[in-house]
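**Q** Build the 3D model from these lines:
(2 chains)
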Amino acid sequence: MSKHKLPRKSTHIDMTAMCDVAFLLLTFFMLATKFKPDEPVVVKTPSSISSIPQPENSILLTVDPQGKVYFDYDNKKAKRLLIDKVNETKQLNLTEEEKSSFVNGASFGLPFSQMKQYLAIPPMEQKQFTFTGIPIDTSYMAATNELGYWVESARYAGQEEGHPPRICIKCDAATAYPKVKDVIKTLTKNNIDRFNLLTSLEAIPEGTQAWEDSRKN
Amino acid sequence: MAEIAESGGSKKGGPGVKKPKKLSTRIDLTPMVDLGFLLITFFIFTTTMSKPKTMEINMPSEKKTDKPNEVKDYTAMTILLSKEHRVYYYLGMANDPLKPPKVEVTYFQNKNGIRDAIINLKKNVYAERNNGMPGHKADDEPVIIIKPDTTSQYEDMVNILDEMQVNGINIYAMVDISDVDREFIKLTEQANGN
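**A** Okay, the predicted model is just below:
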């Protein structure tokens, strides 16, 4: 019998194609990326069927399971105007650096009295600071209710900057209702009746009105 | 050409000098691919591809209006949210203290839950609005009043607002719970033995 000798093939694979793909994907992700904002607490939002995306330039109020409220504003220019105003009216004596720390920082959840103390520490160490939440009192009016003051001033700042903000509430599913009510009351008492609640998307249950509507379109 | 150069080289160098080995122009790209994928992984983990979804909500205005909202008794349903994700509901406005409404208790579930109660309400309103009874108009819509108790959680609130969307209820309002409603919950709890 004649023996056929198979030609020995090199085990080396040409990596050029793979390299091309890798860098193509890399470029895509680099261009498409928007870094996750730093979150002060992990909040697990409840789910709903609504699919309205979060509006641009919105004020974000995060509420954690204990009911602590954190404030953030997704508009750096307006946030700068806001901190200037807050510094002036509340006489916080913040330096320019401390103001920048606020503008570039993530969600903020402290009363005004501790604000300078927090912003004075370097941004890398700010994470170790425990937030106590923005205080809400039962008058709900901006004069004494700090959250009301934040929201109202942020809306003015947004107006001035040219992008009036919408307000989004990101609240944990397990937060007790009275805590949520306090936040909502603060908004409604300051004449904000329309706002958004952050939810995660869930499928529309079959056979319901909304399911039939969505199939028609 | 190459042969000529080779032979020339060997002549010059003599027998002891080795001719230079021809180096391959191929570079091993494996480390570069590794690096590429490492960076891809980094960007995948740090990125937020989709914006979070939101639910829009309109609260009743705090400004006092002269005209009180009139809700027709047969179109109304009140939903009370209570502890352990319980949902109490009754039909009508419960304006008459002598005739307390029949309060039912249920949960958020796909079958026999609050959704079926809402669907039934809608069916009844659509059936009754054309029957020519005094006060019934052809454009009447079901009205749902949501009253979360202090023992309920945010999740319950979102769930019930979601049910409004799921069932296509356009008129609903979230208001504070009253003592009368708390009493209803208490009585129902006692009747059910928990």
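
**Q** tell me the pLDDT at B:Asp34?
**A** pLDDT recorded at B:Asp34 is 90.

**Q** So A:Asn196 sits against B:Asn58, correct?
**A** No. The pair A:Asn196 and B:Asn58 fails to qualify as a contact (CB atoms under 8 Å) at a distance of 10.7 Å. Every C-beta, even on glycine, is put in place using the N, C-alpha and C of the backbone.

**Q** what about those two, which has more around it?
**A** More crowded of A:Asn196 and B:Asn58, by other CB atoms under 10 Å in any protein chain shown: A:Asn196, with 23 against 11.

**Q** ok, now how distant is the spatially closest residue to A:Asn93 that is not a sequence neighbour from A:Lys127?
**A** Leaving out its chain neighbours, the residue that sits closest to A:Asn93 by CB to CB, 6 or more residues apart in numbering or on different chains is A:Lys116, at 6.8 Å. A:Lys116 sits 18 Å away from A:Lys127, going by CB to CB, to the nearest Å.

**Q** okay, these two: which has more neighbours?
**A** Between A:Lys116 and A:Lys127, counted using other CB under 10 Å, the more crowded position is A:Lys116 (15 against 10).

**Q** list the helices and strands the helix or strand hosting A:Leu187 packs on?
**A** Taking DSSP states H and E as the definition, one finds A:Leu187 inside helix A:177-189. Judged by 3 or more CB pairs under 8 Å, 6 or more residues apart in numbering or on different chains; DSSP states H and E, helix A:177-189 is in contact with strand A:59-63, helix A:146-161, strand A:167-171, helix B:154-166.

**Q** which stretches of the chain have low pLDDT?
**A** Just so you know, I chose chain A. For chain A, the stretches flagged by pLDDT under 70 are A:1-3, A:35-38, A:142.

**Q** actually chain B
**A** For chain B, applying pLDDT under 70 flags the ranges B:1-18, B:48-50, B:63-69, B:97-98, B:194.

**Q** mind listing the helices for it?
**A** Assigned by DSSP state H, chain B shows helices spanning B:2-13, B:30-46, B:114-128, B:154-166, B:179-192.

**Q** To B:Lys147, which of those lies closest?
**A** Relative to B:Lys147, the nearest member of these by CB to CB is helix B:179-192, separated by 5.6 Å.

**Q** Output that closest one as PDB, nothing but the C-alphas.
**A** The C-alpha coordinates for helix B:179-192 follow below in PDB (Å, rounded to 0.1, in the frame of the first residue of the first chain):
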ATOM      1  CA  ASP B 179     -58.900  57.700  58.100                       C
ATOM      2  CA  VAL B 180     -62.100  56.200  56.600                       C
ATOM      3  CA  ASP B 181     -60.000  54.200  54.200                       C
ATOM      4  CA  ARG B 182     -57.700  53.000  56.900                       C
ATOM      5  CA  GLU B 183     -60.700  51.800  58.800                       C
ATOM      6  CA  PHE B 184     -61.800  49.800  55.700                       C
ATOM      7  CA  ILE B 185     -58.400  48.100  55.600                       C
ATOM      8  CA  LYS B 186     -58.600  47.300  59.300                       C
ATOM      9  CA  LEU B 187     -62.100  45.800  59.000                       C
ATOM     10  CA  THR B 188     -61.100  43.700  56.000                       C
ATOM     11  CA  GLU B 189     -58.000  42.500  57.800                       C
ATOM     12  CA  GLN B 190     -60.100  41.500  60.800                       C
ATOM     13  CA  ALA B 191     -62.700  39.800  58.700                       C
ATOM     14  CA  ASN B 192     -59.900  37.800  57.000                       C
END
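
**Q** Alright, calling it a day.
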